[in-house]
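Enquirer: sharing a model prediction with you, sequence too.
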Amino acid sequence: MVADTPVRQASLREHNLALVLRQVATSPQPISRASIAGITGLTRATVSALVEDLIAGKLVCEVEPARRAGAGRPANGLRLAGYGPAGLGLEVNVDYLAACVVDLTGEVRHHRVCRADQRPCPPEQVLAALAELATEATGAAAAQGLTIAGAALAVPGLVTDRGLVRLAPNLGWRDVDVPEILAGMPTLGDIRVGVDNEANLAALGELHASHAASFIYVSGEIGIGAGIVLDGRLFRGARGFSGELGHVTVHPAGLPCRCGARGCLEQYAGQETILRSAGLPGLSGTDGQTMADRIAELAGEGHPGLLAALEEAGTALGVAAAGVINLLDIDTVVLGGIYAPAAAWLRVHVEREIRERVLTAEWAPVTVRPSALGPEAALLGAAGSVVRAIRDAPARWLTTTARLTGRPTSNGPRSAG
Ligand SMILES: [Zn+2]
């Protein structure tokens, strides 16, 4: 089909840069320029010019081919560079703050968690402590030759598309303007921080790690959130507030919830409920071991109170998940947060409730499994979202780096393809 309007030369270059980078990113082995030309239909000269730009922007690097006897000189292969731009992932949760750096290849290059109850602190104080973690992470990245290209912050609450936290009931936050508060913190420099709901960021991370097309990612922390992925896309809802699974009713006349309603899932399957019913109310993570790992360790040792609490939590979770599956015909439930390492004990109860409550369960089975990214999917998903934005639109990053270094970028027909 012929387009109504001519494609701008610059748009064509942007499109082709992304196309070439995608071939490098998705190839299981280092890929040659000739192979990229063959796959994409671009000329070899065009591919070479685009690759030069990607190399100059530290997005792609050349690797020496393996020596093969008598096969002539093989072409150099290309792979993603692990020494250029990186994503900074940040997380504010009820009982911890965290930061991590992920490079373009997806490798975690820095990771730090600070365990402390955030509820007694005002948002400004929490965000100031987070900014310190971010500064430390930026320094660690720079020491490894990486440049932080942007940051994403995961928050357990309702977040508007401009980063305003409307409500985070477990943190006690209401209408907290996170971008504005962070903008007043000089330590962050000019790093742009996007803010999103933690379960949404985790679900996006899971989507790219597991390639499942339709699933509900359930994030178990002190609060419970969910990220809903339908046909390979995050479903945010009409106003961007989807996924509040923690406030789905499982017992209409049940326990009062912090949200003001009664009988919400959070009151039966939240981290604090699990620990309280297990007789372990003071249990906490340590610097060497996450809360999730401690729960899994005790369950593995057969702690009777904890096993009973996980049964109660898994049952309530299964009831809520069954409602979602009946409504949306989702085939996979992903257990994240503290649920990920505890999946071995939760799964059987979640599956039982789904089997008994989902109309189609008999011939359309539902998989219940732990998150591919483990208990820190939100943090990794946050950093990954920055990296994926660069991989999807490398031209934007190249323009930024050219501006920083004063290096011209090719823009003419030579590299436009
Ligand atoms: Zn509630």
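Expert: Everything's here; your move. Predicted model, so just to flag it, every value in this text is computed and none were measured.
Enquirer: going forward, measure contacts and count neighbours with C-alpha atoms only.
Expert: Noted.
Enquirer: may I ask which helix or strand of this protein has the lowest mean pLDDT?
Expert: helix 413-416 (a mean of 36; mean pLDDT, DSSP states H and E).
Enquirer: tell me what the helix ranked longest in the chain is packed against?
Expert: Scanning the chain for the helix with the most residues, using DSSP state H, yields helix 304-328. In terms of contacts (3 or more CA pairs under 8 Å, 6 or more residues apart in numbering; DSSP states H and E), helix 304-328 is packed against helix 266-269, helix 271-277, helix 291-300, helix 343-357.
Enquirer: now tell me what touches the shortest one from outside.
Expert: If I follow you right, that is helix 266-269. For helix 266-269, the external contacting residues (CA atoms under 8 Å, 6 or more residues apart in numbering) are 220, 222-224, 246-247, 255-257, 273-274, 310, 312-314, 316-317.
Enquirer: list only those of those flagged as buried.
Expert: Listed as buried from the contacts of helix 266-269 are 220, 222-224, 246-247, 257, 273-274, 310, 312-314, 316-317; burial here means 16 or more other CA atoms under 10 Å.
Enquirer: and those residues near the ion, which?
Expert: Residues of the buried ones among the contacts of helix 266-269 in contact with the ion (CA under 5 Å from the ion): 247, 257.
Enquirer: from the buried ones among the contacts of helix 266-269, which has minimum pLDDT?
Expert: Across the set of the buried ones among the contacts of helix 266-269, residue 222 stands lowest in pLDDT, at 89.
Enquirer: grab the nearest non-local neighbour of that one.
Expert: Nearest non-adjacent residue to residue 222, counting by CA to CA, 6 or more residues apart in numbering: residue 271, 4.7 Å away.
Enquirer: around the one you found, count how many other residues there are.
Expert: Residues near residue 271, counting by other CA atoms under 10 Å, number 24.
Enquirer: quick one: contacts for it?
Expert: Residue 271 is in contact with 220, 221, 222, 223, 338, counting by CA under 8 Å, 6+ apart.
Enquirer: JSON lines for those residues, including secondary structure?
Expert: Shown next, in JSON lines, are the contacts of residue 271 (DSSP: H, G, I helix; E, B strand; the rest coil):
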{"residue": "220", "secondary structure": "strand"}
{"residue": "221", "secondary structure": "coil"}
{"residue": "222", "secondary structure": "coil"}
{"residue": "223", "secondary structure": "coil"}
{"residue": "338", "secondary structure": "coil"}
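Enquirer: name the nearest residue to residue 96, sequence neighbours excluded.
Expert: Using CA to CA, 6+ apart, the closest residue to residue 96 is residue 115 (4.3 Å).
Enquirer: which ones are touching that neighbour?
Expert: Contacts for residue 115 (CA under 8 Å, 6+ apart) come out as 95, 96, 97, 285, 286, 287.
Enquirer: for the ion, see how far away the fifth one is.
Expert: The span separating residue 286 from the ion equals 29 Å under the rule CA to the ion, to the nearest Å.
Enquirer: same thing with the second one?
Expert: According to CA to the ion, residue 96 stands 21 Å off from the ion.
Enquirer: same deal with the first one?
Expert: Going from residue 95 to the ion by CA to the ion gives 19 Å.
Enquirer: quick one: that residue and residue 113 touch, right?
Expert: No: Residue 95 is beyond contact range of residue 113, at 10.3 Å (criterion: CA atoms under 8 Å).
Enquirer: what residue in the stretch 51-200 of the chain comes nearest to the ion?
Expert: Closest residue of the stretch 51-200 of the chain to the ion, CA to the ion: residue 169 (8.6 Å).
Enquirer: and that residue, its phi and psi?
Expert: Dihedral angles of residue 169 (phi, psi; degrees, to the nearest 10) stand at phi -60, psi -40.
Enquirer: got the contact list for it?
Expert: Going by CA under 8 Å, 6+ apart, residue 169 touches 157, 258, 259.
Enquirer: which bits of the stretch 151-300 of the chain sit near the ion?
Expert: If contacts are counted using CA under 5 Å from the ion, the residues of the stretch 151-300 of the chain sitting beside the ion are 247, 257, 259, 264.
Enquirer: just these now: which is nearest residue 326?
Expert: Nearest to residue 326 out of these is residue 247 (CA to CA; 17.5 Å).
Enquirer: related to what we said a few turns ago, so the residue nearest to residue 222 versus residue 317, what's the distance?
Expert: Residue 271 is 12 Å from residue 317, where distance means CA to CA, to the nearest Å.
Enquirer: swap in residue 234?
Expert: Counting by CA to CA, the gap from residue 234 to residue 317 is 21 Å.
Enquirer: can you check residue 119 too?
Expert: Taking CA to CA as the measure, residue 119 falls 25 Å from residue 317.
Enquirer: with residue 256 instead?
Expert: Look at residue 256 and residue 317: by CA to CA, they are 17 Å apart.
Enquirer: same question for residue 384.
Expert: Remark: distance between residue 384 and residue 317 (CA to CA) = 28 Å.
Enquirer: any idea how far whichever strand or helix holds residue 382 is from the middle of the chain?
Expert: According to DSSP states H and E, residue 382 maps onto helix 377-392. The chain centroid and the centroid of helix 377-392 are separated by 6 Å, computed with CA atoms, centre = their mean, to the nearest Å.
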